[in-house]
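> return a 3D structure for these sequence lines:
(2 chains)
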Amino acid sequence: MTGDRLFIGPTVVEVARSCEEAANRAVAAFTEAELLANSLDQLVEAVIAAKVAHPIILKTQDHSIGTEVVAFPERRGLTVGSIYMPNAVLPAREALKASLYIPYTGT
Amino acid sequence: MPPTTPPEATLTGRDVILSVMTDPDAAVQVVEKQLLGLEENLQQWVVGVNADIATLEHQTRALVRNLLARRLGVLRQRDTMAATFTIPVRPVDPDRALEIPVRRTAVVLNSSPSAPTGGPQEWSLTDAIYEQMITTITRFGHALERRPASARLLLPDEETLRDWLMFLLSTNYEAPDGSELFVGGETVNGEGKTDILIRHQDRNAFIGECKFWHGPKKFGEAIDQLLGYTVWRDTKAAIILFITSRNATAAIDSAGGCLERHSRCNKAKVPADPARRRDYVFTSPHDDQRAISLALLPAVLPRTN
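Predicted structure coming up:
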């Protein structure tokens, strides 16, 4: 995938390599009895189901908002560009943290 | 305007949580718009990730198919090679072999002393023959485990498996006069329909039951059925338990527990290999003086489509 990354984690290449290794191990782990007892398609599906990530489905229609009160320092700390950096030395005041909860399945 | 802070994203395993910090007096519409904007970004990101997953699945599927085809090819080559050699193929390890003897073993029932009360003569199968028969049955089970593709043909029902086992036992054992030793299948005996029996004077010296594992309740019924048979003072029995479920160990333990906890179970012997054989001694519900030595012989047969 290209573009900005919202989450920090393994890259696509790293995930693909990890998946390939896991698939290799899964195929090697089949016993002779299992190889003979199942069709090629059944064996392939068993590995795919166990080792490949499942597509993500965001249920945005079921999303909900929650708020909570949190400590938020005065705006006199260091700023980098337009990003506010908290300054632990300065006194804190209360602020609100608004959170959007989005149910999901997959991965 | 609230101070600009980086949005946070957290995964709980059930929800994605997108959060922003804001002043308490910030306009609700602004905060909501900000969150919905983050959600839209996330949706676009998910579209990209799902495209990556689809590509990965496609590539992995091709890889796995190739790897499996290679392994299956090696097995086929081995079988072809074994079939083509002019040098005799090394026989199966005797412990694993399922032999069909040239001459069948004649099974003579032992005459036991009559009951202390002076009842009629009692008969029993000798321990040596019983152990030999258990070995034959066990090897039959092991052969099915080793050849699941062939075993699949025998799996439709207990009757089919019973018939094959009867066939095998009949090639190994016979009555002293050379006649067929075993009865079963169509015989209605005692309180239930029998599987494999050695009968003498209308009592059973050996009872063999083929059962698929369908949970403890059904297995308990099978035990009761077996105990309903008319028996000698020392009758030998075996339950050949075919397990097609994935968790075979749990099924074997559960079956063993059913036997141990049964009200007519007098003794559970310490098994040498609990996954292969467990032995119990029961008393007949019709007569406390009549014992049934029972071997539980599990065979694990993965059911395939």
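
> quick one: mean pLDDT for the biggest strand by length in chain A?
If you go by DSSP state E, chain A has its longest strand at strand A:92-105. For strand A:92-105, the mean pLDDT works out to 87.

> over to stretch A:16-23?
Here the average pLDDT along stretch A:16-23 is 90.

> now do the helices in chain A.
Counting by DSSP state H, one finds helices in chain A at the ranges A:12-29, A:32-37, A:40-51.

> ok so, going back, which elements pack onto the longest strand of chain A?
Applying 3 or more Cβ pairs under 8 Å, 6 or more residues apart in numbering or on different chains; DSSP states H and E, we find strand A:92-105 packed against strand A:57-58, strand A:64-73, strand B:15-22, helix B:28-84. For glycine as for every other residue, the C-beta is placed from the backbone atoms N, C-alpha and C.

> show the contacting residues for the nearest residue to A:Phe30 once chain neighbours are set aside.
Ranked by Cβ to Cβ, 6 or more residues apart in numbering or on different chains and with sequence neighbours excluded, the top spatial neighbour of A:Phe30 is A:Leu43, at 6.6 Å. A:Leu43 is in contact with A:Val27, A:Phe30, A:Glu34, A:Leu35, B:Val64, B:Leu68, counting by Cβ atoms under 8 Å, 6 or more residues apart in numbering or on different chains.

> circling back: hey, least reliable of the helices and strands packed on strand A:92-105 by pLDDT?
strand A:64-73 (a mean of 83).

> that one to helix B:28-84, inter-axis angle?
Relative orientation of strand A:64-73 and helix B:28-84, computed by axes from the mean of the first three to the mean of the last three Cα atoms, to 10 degrees: 110 degrees.

> adjacent strands (with direction) for strand A:64-73?
strand A:92-105 (antiparallel) (DSSP bridges).

> show me what the partner strand is in contact with.
A:54, A:56-60, A:62-74, B:2, B:14-24, B:26, B:31-32, B:35-36, B:38-39, B:42.

> which of those are buried?
Buried subset of the contacts of strand A:92-105 (neighbour count, 16 or more other Cβ atoms under 10 Å in any protein chain shown): A:56, A:58, A:60, A:63, A:72-73, B:2, B:15-16, B:18-23, B:26, B:31, B:35, B:38-39, B:42.

> next up, the contacts around B:Tyr130.
With contact set as Cβ under 8 Å, 6+ apart, B:Tyr130 has these partners: B:Phe206, B:Lys236, B:Ser293.

> now the first one: closest residue in space that isn't a chain neighbour?
When the adjacent residues along the chain are set aside, B:Phe206 lies closest to B:Ile198, with 3.9 Å between them (Cβ to Cβ, 6+ apart).

> next one: the second one
Closest residue in space to B:Lys236, ignoring its immediate chain neighbours: B:Tyr130 at 4.5 Å, by Cβ to Cβ, 6+ apart.

> where does the stretch 201-305 of chain B dip in pLDDT?
B:302-305 (pLDDT under 70).

> quick one, helices of it?
All helices of the stretch 201-305 of chain B, identified by DSSP state H, counting those that start in this stretch, fall at B:216-227, B:248-261.

> of all these, which lies closest to chain A?
Of all these, helix B:248-261 sits nearest to chain A, with 12.5 Å by Cβ to the nearest Cβ.

> give me the buried positions along the closest one.
Going by 16+ other Cβ under 10 Å, helix B:248-261 has these buried residues: B:Ala248, B:Ala251, B:Ile252, B:Ala255, B:Gly256, B:Cys258, B:Leu259.

> does it come close to chain A?
No - Helix B:248-261 is not in contact with chain A by Cβ under 8 Å from any Cβ of the partner chain; minimum separation 12.5 Å.

> got the angle for that helix vs helix B:216-227?
50 degrees.
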